[in-house]
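Visitor: I would like the atomic coordinates for the input below:
(chains A and B)
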Amino acid sequence: DAKTTQPTSMDCAEGRAANLPCNHSTISGNEYVYWYRQIHSQGPQYIIHGLKNNETNEMASLIITEDRKSSTLILPHATLRDTAVYYCIVGGGNTPLVFGKGTRLSVIA
Amino acid sequence: GAGVSQSPRYKVAKRGQDVALRCDPISGHVSLFWYQQALGQGPEFLTYFQNEAQLDKSGLPSDRFFAERPEGSVSTLKIQRTQQEDSAVYLCASSVLLTNSPLHFGNGTRLTVT
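Guide: As a prediction, this is how the structure comes out:
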């Protein structure tokens, strides 16, 4: 079973920041937080991952709380092409990633 | 550069037929994964290879499912005597290594069993 809890769906206005929350209260010390997204009819796309420090790349920022029990993925300026299902996954090491149902983000013009 | 390539993109099989799904990972990627995604659900892990060795097949739903990667590159997922419940998108992913490396997914094969 997935070790994360995410809202089923969210809306965001185009041009605004999209903040996607994820709870992972049972995360263990050596597990990373990963974010992937899946646009309709495509395979999942890697976005970002982190252990305990906040991370930023050209796609998004990842904010992990100090106790590591939750995190937030931030898309700073959402566009219509960011409409997708976003998966928050906890794992790493020598075990394959387990996907949950994710959050369906709809970016609205 | 070339990403993960899967073929065929769509496959329709009559119940009871055998099917073979192909995955061409990114060149040089050591790890290869197969996932199954039912409509409206997240991908579910099936099996994992490191080079030619199948290290984990705990997610294969029955002994009708078989995967191989004989030369540590291309992989084939075979489903024997297909059933309607096998209808799903089958996703292949590769990564440089298992440990903390991002997975690169193909666009999947949509299997429909009639």
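
Visitor: From now on I want contacts and neighbour counts done on CA atoms only, so please keep to that.
Guide: Fine.

Visitor: Setting aside sequence neighbours, what's the nearest residue to residue B:71?
Guide: Leaving aside its sequence neighbours, residue B:71 sits nearest to residue B:52 (C-alpha to C-alpha, 6 or more residues apart in numbering or on different chains; 5.8 Å).

Visitor: Any idea how many residues pack against that neighbour?
Guide: 18 (other C-alpha atoms under 10 Å in any protein chain shown).

Visitor: Just list the residues touching residue 79, thanks.
Guide: Assuming you mean chain A. A:14-15, A:107 (C-alpha atoms under 8 Å, 6 or more residues apart in numbering or on different chains).

Visitor: right idea, wrong chain: chain B
Guide: Each residue near residue B:79 by C-alpha under 8 Å, 6+ apart is listed here: B:18-20, B:64-66.

Visitor: Against residue A:3, how distant is the nearest residue to residue B:9 once chain neighbours are set aside?
Guide: Of all residues not flanking residue B:9 in the chain, residue B:109 sits nearest, at 4.6 Å (C-alpha to C-alpha, 6+ apart). Distance, residue B:109 to residue A:3, using C-alpha to C-alpha, to the nearest Å: 27 Å.

Visitor: picking that back up, please report which of the contacts of residue A:79 has the highest neighbour count.
Guide: Most surrounded of those: other C-alpha under 10 Å gives residue A:107, at 20 neighbours.

Visitor: what about the closest residue in space to that one that isn't next to it in sequence, which SS state?
Guide: Closest residue to residue A:107 apart from its sequence neighbours, by C-alpha to C-alpha, 6+ apart: residue A:12 at 4.8 Å. At residue A:12 the chain is in strand, as set by DSSP: H, G, I helix; E, B strand; the rest coil.

Visitor: Count the residues that sit near residue 62.
Guide: All of this refers to chain A. The burial count for residue A:62: 25, using other C-alpha under 10 Å.

Visitor: was after chain B, sorry
Guide: Neighbours of residue B:62 (other C-alpha under 10 Å): 10.

Visitor: same deal with residue B:57?
Guide: Neighbour tally, residue B:57, other C-alpha under 10 Å: 17.

Visitor: Could you verify my assumption that it touches residue B:34?
Guide: No. Using C-alpha atoms under 8 Å, residue B:57 is not in contact with residue B:34; the gap is 9.6 Å.

Visitor: any shared contact partners between those two?
Guide: Counting by C-alpha under 8 Å, 6+ apart, the residues touching both residue B:57 and residue B:34 are B:46-48.

Visitor: Among these, which lie within strands?
Guide: Mapping the shared contacts of residue B:57 and residue B:34 onto strands (DSSP state E) picks out B:46-48.

Visitor: Go through the residues you listed and say which is closest to chain A.
Guide: Taking C-alpha to the nearest C-alpha as the measure, chain A lies nearest residue B:48 of these, at 7.6 Å.
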